[in-house]
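Q: No sequence on hand, only this structure:
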């Protein structure tokens, strides 16, 4: 198997792995159980992998990490917004 195909398939699987969490978090508007630090660290790591892909000019690495980074940025944003909303509702 060509390494680009293998890399593309691996990138696809790891990229779509976040989608169920995105959907569940969006539907429930609940992110209290998600770790803020885990989301920050995974975003930093994905940003570095994306940069590495750019340096290598490796399209599967660039595409999969760009997509996954986008998803995790959205998840991090939901975590911050939904947690802030829960704190506001509890204070009232």
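A: Nice, I can see it. Everything numeric here is computed off the predicted structure, so don't read it as measured data.
Q: So for the host helix or strand of residue 23, what gets flagged as buried?
A: In this assignment (DSSP states H and E), residue 23 forms part of helix 19-28. By neighbour count on 16 or more other Cβ atoms under 10 Å, the buried set for helix 19-28 is residue 25. C-beta here means a position set from N, CA and C on the backbone, and glycine is covered the same way.
Q: helices or strands next to it in the packing?
A: helix 59-91 (3 or more Cβ pairs under 8 Å, 6 or more residues apart in numbering; DSSP states H and E).
Q: buried residues in the helix it packs on?
A: For helix 59-91, burial by neighbour count (16+ other Cβ under 10 Å) applies to 60-69, 71-72, 75-76, 78-79, 82.
Q: Can you name the residues that contact the residue nearest the centre of the chain?
A: Residue closest to the mean C-alpha point of the chain, counted by Cα atoms, centre = their mean, is residue 72 at 2.1 Å. Taking Cβ atoms under 8 Å, 6 or more residues apart in numbering, we find residue 72 in contact with 18, 39, 42, 43, 46.
Q: can you check residue 54 too?
A: With contact taken as Cβ under 8 Å, 6+ apart, residue 54 is in contact with residue 62.
Q: Just say helix, strand or coil for residue 30.
A: Put simply, residue 30 is coil when judged by DSSP: H, G, I helix; E, B strand; the rest coil.
Q: what's the distance between it and residue 17?
A: As defined by Cβ to Cβ, to the nearest Å, residue 30 lies at a distance of 20 Å from residue 17.
Q: The two - which one has more neighbours?
A: residue 30 (15 against 11; other Cβ atoms under 10 Å).
Q: quick one: residue 71 and residue 25 touch, right?
A: No - checked against Cβ atoms under 8 Å, the pair residue 71 and residue 25 is beyond contact range at 10.8 Å.
Q: before we move on, the earlier item: let's see which of the contacts of residue 72 end up in helices.
A: Under the assignment DSSP state H, the contacts of residue 72 contribute 39, 42, 43, 46 to helices.
Q: Just among the residues you listed, which is most surrounded?
A: Highest neighbour count within those: residue 46, with 22 neighbours (other Cβ under 10 Å).
Q: what's the pLDDT at that one?
A: Turning to residue 46, the model gives it a pLDDT of 97.
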